[in-house]
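Undergrad: sequence and computational prediction follow.
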Amino acid sequence: MLVKTHASSCYGIDATAIGVEVNITTGTKYYIVGLPDNAVRESLQRVESAIMAVGFRMPRQKIVINLFPADIRKEGSSYDLSIAVAILAASNQIRPINLHEYIIIGELSLDGSLQAIRGALPIALQAKKDGFRGLILPEANAPEAAVVDGLEVFGVKHLRQVIHHLEEKEKIPPLQIDIQAQFAKQLDAHEVDFADVQGQENIKRAMEIAAAGGHNLILIGPPGAGKTMLAKRLSTILPPLTLEESLETTKIHSVAGQLNTKDAILTIRPFRAPHHTISNIALVGGGTNPQPGEISLAHNGVLFLDELPEFKRNVLEVMRQPLEARNITISRAKFTVDYPASFMLIASMNPCPCGYYNHPEKSCTCSSQTVQRYLSKVSGPLMDRIDLHVEVTPVAFKELSAQKTSEKSTAVRQRVVLARERQAMRFTKHQNTYSNAQMSPALVRKMCRLDESSQQLLKSAMERLGLSARAYDRILKVARTIADMDASDDIQVQHIAEAIQYRSLDKANWAN
């Protein structure tokens, strides 16, 4: 007897419906066809044990399992549940009702219990798009899938529950999730706050500008000056995630297996801080079976690279294209996968190997050539893609021991949100542009017009600092953000002057 069920699989951050056909005829042996990988081939041992654990039998006949479309490679263990249900139905051991209305996915244990899978959210979104009534999947993944409206999501713990539900002997109630309540609960669920940082008001100002315009930023200063502490608090002043951003970010983390099963959806912007020993594939994504890298896991959030010169040069260079394009394309011989990578890059570094160049109290033991060699570990093209270069100096004891309370992240975030709202109105007619940092060169020319005095100031700064054309655009973008924070429609001289200050590493003779 021939029976067809429906499963699904993720390719990139999107899902594709996969049909599972099972035909049982006279003969012996079991066959799985349709480009299965080893995990799929091994599923028959898991399926057989699970079927026997719930009191049914594995047919001792010829079983052909076809996974289609046959030209797409099938990977992973999420087809187990769909195959088990199809085998039981094809052998007339169960009589499921409306089987064609469900996507059925899940990894089976030998006792028939279900293990969590990857990619539940993109699978749910695709199931709704394809017109399926419901999705049956492991209980651990149900909250994640239930955020999709218009789709009945049934979380199950055991194969026996699935059989009873499909035969309508014991219906499972669909899971309901209140997304707005999730967002409200997690809005201020940060473990750190800007109020923890004493002093460093100029650095906080630079970080507020970076957050308001979505700009990349690098902090350079001696050990213990507070670079890492400040960077970890940047995500607390970024605007809250929108539902669309949250869904897209959750999809990436779900596909990568990085989503906490207790969370239905990511409601806080991600903060990723990989170690400097990371490989280029781990950073940008890829591998034999392509997976998202750190830059994609930081999508709509912050990627923090501490001790930037310690990263391998080839690892840093692969970020250059994603920083501009805000996505990464992983190409293989037979397919191509696109991952979003719209993140804010925050980097920190010491000014020299010993860490005390330009320190107000401690002496640097490095020669000027050593300092230059250390700084040159980070290429010029990569530095050009970082909008704000900020020099961090140690906090004086007087400021460190002061009892006054610093401004909280919530207050700073309110100003950032207002600046972002001005940008959203400005870019209403421009697709895929939501912040000043995302402006194309053509938009920069249109949105960042300067008066004569501002133009003259920028010209002299360009000549004196020897800035590149890309740095010119970066200064204009930062100046536009500063103007937005001042609620000014036009970029004024003081905005240009402040933006120029945030190009510390471009200053002539900085390390001499």
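TA: Nice, I can see it. Since the model is a prediction, treat every value here as computed from it, not as a measurement.
Undergrad: what residue ranges in this protein score low on pLDDT?
TA: Scanning the chain for pLDDT under 70 picks out 184-189, 261, 397-403, 504, 506-512.
Undergrad: and it, what are its domains?
TA: What automatic domain parsing lists as the domains of the chain is 2-166, 185-410+432-438, 439-512.
Undergrad: and the first one, end to end?
TA: This stretch, domain 2-166, spans 18 Å end to end (C-alpha to C-alpha, to the nearest Å).
Undergrad: on that earlier part again, turn the domains of the chain into JSON lines, including mean neighbour count and distance to A424.
TA: The way it works is simple: take the backbone N, C-alpha and C, and place the C-beta from them, glycine included. As requested, the domains of the chain are exported to JSON lines (neighbours: other C-beta atoms under 10 Å; distance: least, C-beta to C-beta, whole Å):
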{"stretch": "domain 2-166", "mean neighbour count": "20", "distance to A424": "24"}
{"stretch": "domain 185-410+432-438", "mean neighbour count": "18", "distance to A424": "6"}
{"stretch": "domain 439-512", "mean neighbour count": "17", "distance to A424": "11"}
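Undergrad: could you export the ones you listed as CSV, including distance to I179?
TA: Shown next, in CSV, are the domains of the chain (distance: least, C-beta to C-beta, whole Å):
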stretch, distance to I179
domain 2-166, 6
domain 185-410+432-438, 7
domain 439-512, 30
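Undergrad: most residues in a single strand of the chain, which one?
TA: In terms of residue count, the longest strand belonging to the chain (DSSP state E) is strand 14-25.
Undergrad: so what touches that strand?
TA: The contact list for strand 14-25, computed with C-beta atoms under 8 Å, 6 or more residues apart in numbering, reads 1-10, 59, 61-69, 72, 74, 79, 82-83, 86-87, 89-91, 103, 119, 122-123, 125-127, 130.
Undergrad: and M425, which of the domains of the chain is closest to it?
TA: Among the domains of the chain, the nearest to M425 by C-beta to C-beta is domain 439-512 (10.2 Å).
Undergrad: chain center to the closest one, what's the gap?
TA: Computed by C-alpha atoms, centre = their mean, to the nearest Å, the chain-centroid distance of domain 439-512 equals 30 Å.
Undergrad: same check on stretch 120-137?
TA: How far stretch 120-137 lies from its chain's middle: 22 Å, per C-alpha atoms, centre = their mean.
Undergrad: with stretch 253-262 instead?
TA: Its chain's average C-alpha position is 11 Å from that of stretch 253-262, according to C-alpha atoms, centre = their mean.
Undergrad: other residues contacting it?
TA: Taking C-beta under 8 Å, 6+ apart as the rule, stretch 253-262 contacts 10, 12-13, 116, 118-122, 140-141, 143-144, 250, 266, 270, 291-292, 296-297.
Undergrad: looking at these, which are in helices?
TA: Of the contacts of stretch 253-262, the ones assigned to helices by DSSP state H are A120, L121, P122, P143, E144, T250, S296, L297.
Undergrad: between those residues, which is nearest C366?
TA: L297 (35.3 Å).
Undergrad: relative to N92, how far out is the closest one?
TA: 46 Å (C-beta to C-beta, to the nearest Å).
Undergrad: who are the contact partners of the closest residue in space to G224 that isn't next to it in sequence?
TA: Distances taken as C-beta to C-beta, 6 or more residues apart in numbering place P394 nearest to G224, at 6.6 Å, with adjacent residues excluded. P394 makes contact with G221, P222, G224, A225, H359, P360, E361, according to C-beta under 8 Å, 6+ apart.
Undergrad: quick one: P394 and A273, what's the gap?
TA: 22 Å.
Undergrad: same thing with Y374?
TA: According to C-beta to C-beta, Y374 and A273 sit 22 Å apart.
Undergrad: likewise for A411?
TA: From A411 over to A273 (counting by C-beta to C-beta), the distance is 25 Å.
Undergrad: what's the distance between the residue nearest to G224 and A341?
TA: 34 Å.
Undergrad: inside helices: which ones of the contacts of strand 14-25?
TA: S82, I83, A86, I87, A89, A90, P122, I123, L125, Q126, A127.
Undergrad: now these in CSV, with distance to V156?
TA: Converted to CSV, the ones in helices among the contacts of strand 14-25 look like this (distance: C-beta to C-beta, whole Å):
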residue, distance to V156
S82, 13
I83, 16
A86, 16
I87, 17
A89, 17
A90, 21
P122, 20
I123, 15
L125, 20
Q126, 20
A127, 16
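Undergrad: out of these, who's nearest C352?
TA: Using C-beta to C-beta, P122 is the member of those that sits closest to C352, with 46.2 Å.
Undergrad: report the beta-bridge partner residues of the nearest residue to the closest one once chain neighbours are set aside.
TA: Ranked by C-beta to C-beta, 6+ apart and with sequence neighbours excluded, the top spatial neighbour of P122 is A15, at 4.3 Å. Note on A15: beta-bridge partners by DSSP bridges are C10.
Undergrad: what do you get for the one 5 residues further on?
TA: Listed beta-bridge partners, V20: T5, L67 (assigned using DSSP bridges).
Undergrad: before we move on, what about E391?
TA: Judged by DSSP bridges, the bridge partners of E391 are I220.
Undergrad: what residues are up against it?
TA: E391 touches I220, G221, P351, N358, S504, counting by C-beta under 8 Å, 6+ apart.
Undergrad: any idea how far I218 is from it?
TA: Distance from E391 to I218, by C-beta to C-beta: 10 Å.
Undergrad: quick one, what contacts L345?
TA: Residues counted as contacts of L345 (C-beta under 8 Å, 6+ apart) are N216, L217, L303, L305, M319, L323, R385, I386.
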